Structures are given as C-alpha cells and as structure tokens.
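Q: attaching a predicted model along with its sequence, questions to come.
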Amino acid sequence: MDRKLLDLLCSPDTRQPLALLESRGLEALNRAIAAGQVSRADGTPQREPLREALVTRDRRHVYRIEDGIPVLLVEEALATAQVADFPPA
C-alpha cells in the first residue's frame, strides 16, 4: 500500500489513524477466519482469508484491503475481540 495514502487514512467511525496489520496479527486473524470465528460488524461471516489489512491504533478493528483498495466501511470492519490470540501492539 502506498505510504502517502496510508498517512491520509483513518477509521470511518472513530477517526483513529490506521496502520498496516503486521504479519503475526494477520496470521492470527486468518486462523480465526479459517475456524469460522470471524464476522463483520454487520454480522456477515468473513470467509476469505486476508492478504492485507489495516488496523486501528487501539487495535480493536481491522479493515481489509482488497486488490490494493482499503474497504473502509463501518459495517465491514472486523472486531479483533473475536480473535482469542490477536497480538497486542
């Protein structure tokens, strides 16, 4: 993801800055997705693993990146509380 774009992005509901989710966070999230434990904020199950994602500063929400485009919709956010082993900052 382009660093200039990343510097401009923020969470649509809390306005917190976003950062690229590091590999261990992505791995933990994808394990939970594979186990069927992750739903989006609107209740839709997240079935596809993520290649890239953005995380809020407080690490409570993750927004997926599809084909290089961040999906910054509140209803599409993934709550990290659903992931038992989601790593702290």
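A: The structure has been received and is ready for your questions.

Q: what secondary structure does the residue nearest to the spatial centre of the chain sit in?
A: The centroid of the chain falls nearest to Val62 when counting by CA atoms, centre = their mean (2.0 Å). For Val62, the assignment made with DSSP: H, G, I helix; E, B strand; the rest coil gives strand.

Q: what's across from it in the sheet?
A: Val55, Leu78 (DSSP bridges).

Q: mind listing what it touches?
A: Leu21, Gly25, Leu29, Leu50, Ala53, Leu54, Val55, Thr56, Ala77, Leu78, Thr80 (CB atoms under 8 Å, 6 or more residues apart in numbering). Heads up, the C-betas are built off the backbone N, CA and C, glycines and all.

Q: ok, those vs Asp7, which is closest?
A: For the contacts of Val62, the residue nearest Asp7 by CB to CB is Leu54; the value is 12.1 Å.

Q: as CSV, the contacts of Val62 with neighbour count would be great.
A: Listed next are the contacts of Val62 as CSV, based on neighbours: other CB atoms under 10 Å:
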residue, neighbour count
Leu21, 24
Gly25, 22
Leu29, 27
Leu50, 19
Ala53, 22
Leu54, 23
Val55, 24
Thr56, 20
Ala77, 23
Leu78, 23
Thr80, 22
